[in-house]
Every structure is written in structure tokens, then in C-alpha cells.
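Enquirer: Quick one: sequence plus predicted model below, questions after.
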Amino acid sequence: MNWFGRVWPAWRIRVHYHVTRAGYLFGSALVIVGAAALASANNLLFLILAAMLATAMISSVVSRLCLAGLELELVLPEHIAARQPVSARFKLRNLKWFPSFAIHLSSREEPRVLRQTIVFSSLPARATAQADAPANFPHRGLHRESLFVLATRFPFGLVERRAFIAIASDVVVYPALEPNPSTEILLAGLRGDIEREQRGMGSDFYRLRPYELYENARYVDWRSSARTGDLQVREFASEERSTVHIYLDLRATPGPAFENAVESCAYLIWSLSEESVRIRFRTQHTDLLFPDQVDVYRLLRELALVSADPQTSPPAPDEQDPHVLFSAASPG
């Protein structure tokens, strides 16, 4: 009963038909032979006509059987960024007693998640075949459903039959982690600020650098100075770890400007996280601290699901102004 319950919905799947060039030629030949048989009453032509009709019927039944009873599963990586190809695994199960042949799997949606067509040449009865292929999600956000097409021209290539399969899967796609010139300039400036903040009067050695005028002589490293011929000064790391404050203003209308702000924010957070920088990320509804409270993927998830809201309140006052403010709000 359980087997029947799984196969019956797959058998009742709606199938769309597309006549191929070979199918049009075959249909034309069928009409010509039928007309000639009726006009001449030739038994041989009637036999040929019957064979051609039987071929068309067999093609229809076998092709329908190939698409019936198929179940598709999509396996994706845990972390996915928009416009970044990832390796997806497609598992095709044959639940029926009859094998399937020449099954073509492709993506129906535009823009397509699956950029290529996967071909399963044969799938034995009650067996599973799998294939890996690059998948690409063009936009950030929560993708609840992906639509794919299973097609076959088996056995004679007269008609292509297509079955549309929707895969329900809550896939969170992060914003694109792609650099742009303005974000690179901003990141370089932040790195300089962080490096200056890291210098301090702590006990951990930070680096050696050339002596500058009017500096305290107690920090001169005489051994290194004698070796290099120039005065070298020891610098020590600050005992307080620097924190970069990033604020994303949600007061904007949905559109390219807001999406650019979200992607720039995501790229900045991702780049700073790789350098072990503490990050405080805030919006009108969120206040998270990396890595003390959350990991970087939690921040990217927040950016994946965030939405513009022109009616939201202005940024709340804070005891410390953010280092970076991303805003797509209209002036005034």
C-alpha cells in the first residue's frame, strides 16, 4: 500500500507534448500512406498504414511509461551565495516496475538555476541514479520551490514528452559576495583604521618599524637597530580588540539601490570576518556581535532575509556611531 501511495501521484503527473521534426515527417508520411491506401484499396498499403499506427501507439505508451513513477530529489550545500555556482546533487528514483530510458533533466525557471541538461541514459526499475551539476541562484532570499523539467523522446523520437516537477525545499541564499570598486576602497580604509587601533601599550609584541621623530627612546630595539643600521622601534598590540560597527538602514524602497547596499554590506562583513575582526552588525530590528554572539553565517543569513521598509523608524541613537552606514534611503 505504501509503494502504491508513492507511485500513484507520480503516475498521475501532468505531461506536456512537443512534436519533433521527425514526428512531423512521420505524421506526413502517415497521411500520405493512408490516403494512398484508401484511394487504391491496396492491401499492402493498408498493412503499412497499420504498422505505422501501431508504431505511433507504442511510442506514446512507452514514452509515457518512461516518465511515470519518477521521483526527483535535490541536495544542495549548506551555505549558498547568490551568483556563485555550487555543486548540486540530483537524485532520480524510479518507483515503478518498468525501466526508464533517455531522461533529460533541465531547469524551467528563468533565470535558470540549473544551467545545463543532465541526461540519464537508463534507469532500471526501482533503482536510483544521481548526477552532480553546477547550480546557480541569481538572487538572495528564501527559495521555497524549484521547478524542473523531465523530458524524453524515447523510443522513436517522434514526440518529446515533458513533465514538470516542483521540489519543495527552503533554501536560504546569501547575498552575492562579489567586490566592487567602492567597497574595496572602503575595506582598505577600514583595514588602515584597524591597524592603527591595534597599536597600543599592551604586553603582546606587534611589530618592528622605523623610529619617528620625538618618540620615546625606551621603545627602541637596539639589537635590531644595530643590525639594520637604522633606529627600529618596538610596537605592542592593544589589549582591547577593535570592533567595526556596521549599520544597514532599512528605510528604502525595494530595488537595485537597496540590493547593492545589502551586497556591499555582505561582502564587507565576509572580508572582515576572514581577518578575525570583531563586527557589530545593526539594523532597525537586529543587533548582533561577531564572533562573540553569532558566527558569520548568521550575519549572512540576516542579510539574505532582510527587506526594505520605507515606513520603518530612523536608526536609534547609540553611544557609538557606526564605522560604516549603508543606506539607500531617499534624501528627505
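Expert: Cool, got the structure.

Enquirer: any idea which helix is longest in the chain?
Expert: helix 43-67 (DSSP state H).

Enquirer: Quick check: can you name the pairing partners of whichever helix or strand comes after it and their directions?
Expert: As assigned by DSSP states H and E, the chain's next helix or strand after helix 43-67 is strand 70-75. Counting by DSSP bridges, the strands paired with strand 70-75 are strand 86-94 (antiparallel).

Enquirer: Tell me the gap between the helix or strand that the strand it pairs with is followed by and the middle of its chain.
Expert: Moving toward the C-terminus from strand 86-94, the next helix or strand (DSSP H and E) is strand 100-107. Centroid separation for strand 100-107 versus its chain: 22 Å, with C-alpha atoms, centre = their mean, to the nearest Å.

Enquirer: Strand 100-107 versus strand 70-75: what angle between them?
Expert: Orientation note: strand 100-107 sits at an angle of 40 degrees relative to strand 70-75 (axes from the mean of the first three to the mean of the last three C-alpha atoms, to 10 degrees).

Enquirer: same for strand 100-107, what does it pack against?
Expert: The contact analysis (3 or more C-beta pairs under 8 Å, 6 or more residues apart in numbering; DSSP states H and E) places strand 100-107 against helix 43-67, strand 70-75, strand 86-94, strand 118-123, strand 141-152. C-betas here are computed from N, CA, C, even on glycine.

Enquirer: What strands line up against it, and which way round?
Expert: Here, using DSSP bridges, strand 100-107 pairs with strand 118-123 (antiparallel), strand 141-152 (antiparallel).

Enquirer: Can you add mean neighbour count, mean pLDDT and distance to R282 and give these back as a markdown table?
Expert: Output for these, formatted as a markdown table (neighbours: other C-beta atoms under 10 Å; pLDDT from 0 to 100; distance: least, C-beta to C-beta, whole Å):
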| stretch | mean neighbour count | mean pLDDT | distance to R282 |
| --- | --- | --- | --- |
| strand 118-123 | 15 | 90 | 44 |
| strand 141-152 | 17 | 82 | 21 |
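
Enquirer: ok, back up a step: for the longest helix of the chain, could you pull out the residues that count as buried?
Expert: Using 16 or more other C-beta atoms under 10 Å as the test for burial, helix 43-67 gives 45-46, 48-49, 52, 56, 59, 62-63, 65-67.

Enquirer: for this structure, which strand is longest?
Expert: strand 159-174 (DSSP state E).

Enquirer: Show me the shaky parts of the protein.
Expert: For the chain, the stretches with pLDDT under 70 are 1-14, 109-111, 145, 168, 192-209, 211-220, 222, 234-242, 314-324, 326-332.

Enquirer: Isn't I167 up against F148?
Expert: Yes: I167 lies in contact with F148 (C-beta atoms under 8 Å); the separation is 6.7 Å.

Enquirer: shared neighbours, the two?
Expert: L72 (C-beta atoms under 8 Å, 6 or more residues apart in numbering).

Enquirer: Leaving out the residues flanking it, which one is nearest to the residue nearest the centre of the chain?
Expert: Among the residues of the chain, the one closest to the centroid is F137, at 3.5 Å (C-alpha atoms, centre = their mean). Computed as C-beta to C-beta, 6 or more residues apart in numbering, the closest residue to F137 that is not its neighbour in sequence is V173, at 4.4 Å.

Enquirer: show me what contacts R83?
Expert: 136-138, 176, 178.

Enquirer: Kindly recompute the last result at 10 Å.
Expert: 111, 136-140, 173, 175-178, 263 (C-beta atoms under 10 Å, 6 or more residues apart in numbering).

Enquirer: Wait, a helix at it?
Expert: No: using DSSP: H, G, I helix; E, B strand; the rest coil, the assignment for R83 is coil, not a helix.

Enquirer: In contact with the residue nearest to the centre of the chain: list those residues for me.
Expert: 76, 80-86, 111, 113, 143, 146, 171-174, 176.

Enquirer: care to break this protein down by domain?
Expert: Per automatic domain parsing, the structural domains of the chain span 1-174, 181-198+243-327.

Enquirer: got the ones you listed as CSV, with distance to P210 columns?
Expert: Below are the domains of the chain laid out as CSV (distance: least, C-beta to C-beta, whole Å):
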stretch, distance to P210
domain 1-174, 42
domain 181-198+243-327, 16
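
Enquirer: closest to S225 out of the ones you listed?
Expert: domain 181-198+243-327 (22.8 Å; C-beta to C-beta).

Enquirer: Compare the domains of the chain and report which one is nearest to R223.
Expert: domain 181-198+243-327 (23.7 Å).

Enquirer: how about L231, phi and psi?
Expert: phi -70, psi 130 (degrees, to the nearest 10).

Enquirer: from memory it sits against P210, does it?
Expert: Yes: using C-beta atoms under 10 Å, L231 is in contact with P210, at 6.9 Å.
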